[in-house]
Every structure is written in structure tokens, then in C-alpha cells.
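Trainee: Sequence and predicted structure below; questions after.
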Amino acid sequence: MAELQRLPGVGMYTAAAWLSLHRGRRAVIIDANVARWLSRVTGLPYNRDPRHVRWVKKLADELTPQRAFREYNYAVLDFTMSICVPRNPRCDVCPMLSECRYGQARLRAGALNKPLSRPAEPAPVVK
């Protein structure tokens, strides 16, 4: 992976994704969506602090299977782009709701079907 990262414009995410999804090598894919998901499930805060980055990498590595890593990585990327999204996560249809601290907090607050932010105002119609 380090060899790939020496290429211009290739960082940890791109190198890991290419190795796992296209070369069939186990690699842990972490982007902002994956970090957000792990933070929500565990209830631990995440930011760019080196300690937080380390625990996200460690947890993501522990969760990534040794064999079906390609399918797992695709599933996690799809899940974090369709269910555990940044705004208005779809906790009401999340298969991990019973294990997710964030989802459980929303459930206790009666907020599962309520948007986290107010919808944008419709653009005025100009004639």
C-alpha cells in the first residue's frame, strides 16, 4: 500500500480501495463515511485528532474479515452512503439499530423519523 501512496494524488483511501476492490488483497477502507459510522455505532467522538484516527483504523481493521473483505468493504461503503448518511440518517431501517448508540439515542428521543435538520426552503420561481 505504501508503494501506491507514493504515486501523486493517491492517499490511504484510494490505495486501500484499489487493493481491496480491484486487486483482491485485504485492505481496510476508511473514509469520512466509515469514520462517521464507527463513531455513531460506538458512541465515541471522531475528529482528526491522531488518537481518534488510530482507534478508527484499529476498529475498522478488527471488523474487516480476513476472507470476504471485498464484499464487506463494498457493503460498508454502500451502507454509509445510503443508510448511515451525514444528515438525516435512516436509523428507522438500519439493521444495526439495536447495536448502535447513536440510533438508540435517537430512538429514546422519539426522533427516528424526524429529520435532523430543517429542509431547505424551495427556490423562488422566477417568471
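Mentor: Looks like it came in fine.

Trainee: pLDDT below threshold where in this structure?
Mentor: 113-127 (pLDDT under 70).

Trainee: where's Pro89, which helix or strand?
Mentor: Pro89 is part of no helix or strand, with elements assigned from DSSP states H and E.

Trainee: That one against Thr80, yeah?
Mentor: No. Assessed by C-beta atoms under 8 Å, Pro89 is found out of contact with Thr80, at 9.6 Å. C-beta: built from backbone N, CA, C; applies to glycine.

Trainee: So which residue is smack in the middle of this structure?
Mentor: Val34 (2.1 Å; C-alpha atoms, centre = their mean).

Trainee: how about it, secondary structure?
Mentor: Recorded secondary structure, Val34: helix (DSSP: H, G, I helix; E, B strand; the rest coil).

Trainee: Which stretches in this structure count as helices?
Mentor: Taking DSSP state H to define them, one finds helices in the chain at 2-5, 12-22, 32-42, 50-63, 69-82, 101-108.

Trainee: The fourth one relative to helix 69-82, how many degrees between them?
Mentor: In this case it means helix 50-63. Put simply, helix 50-63 runs at 130 degrees to helix 69-82, going by axes from the mean of the first three to the mean of the last three C-alpha atoms, to 10 degrees.

Trainee: got the contact list for helix 50-63?
Mentor: Here helix 50-63 makes contact (C-beta atoms under 8 Å, 6 or more residues apart in numbering) with 28-30, 34-35, 38-39, 42, 44-46, 72.

Trainee: let's go with 7 Å and repeat that
Mentor: Residues from elsewhere that reach helix 50-63, judged by C-beta atoms under 7 Å, 6 or more residues apart in numbering: 28, 30, 34-35, 38, 44-46.

Trainee: Of all pairs in these, which one is the farthest apart?
Mentor: Farthest-apart pair in these is Val28 and Pro45; separation 20.3 Å (C-beta to C-beta).

Trainee: Tell me which of those two has more neighbours.
Mentor: More crowded of Val28 and Pro45, by other C-beta atoms under 10 Å: Val28, with 23 against 8.

Trainee: No more questions from me, cheers.
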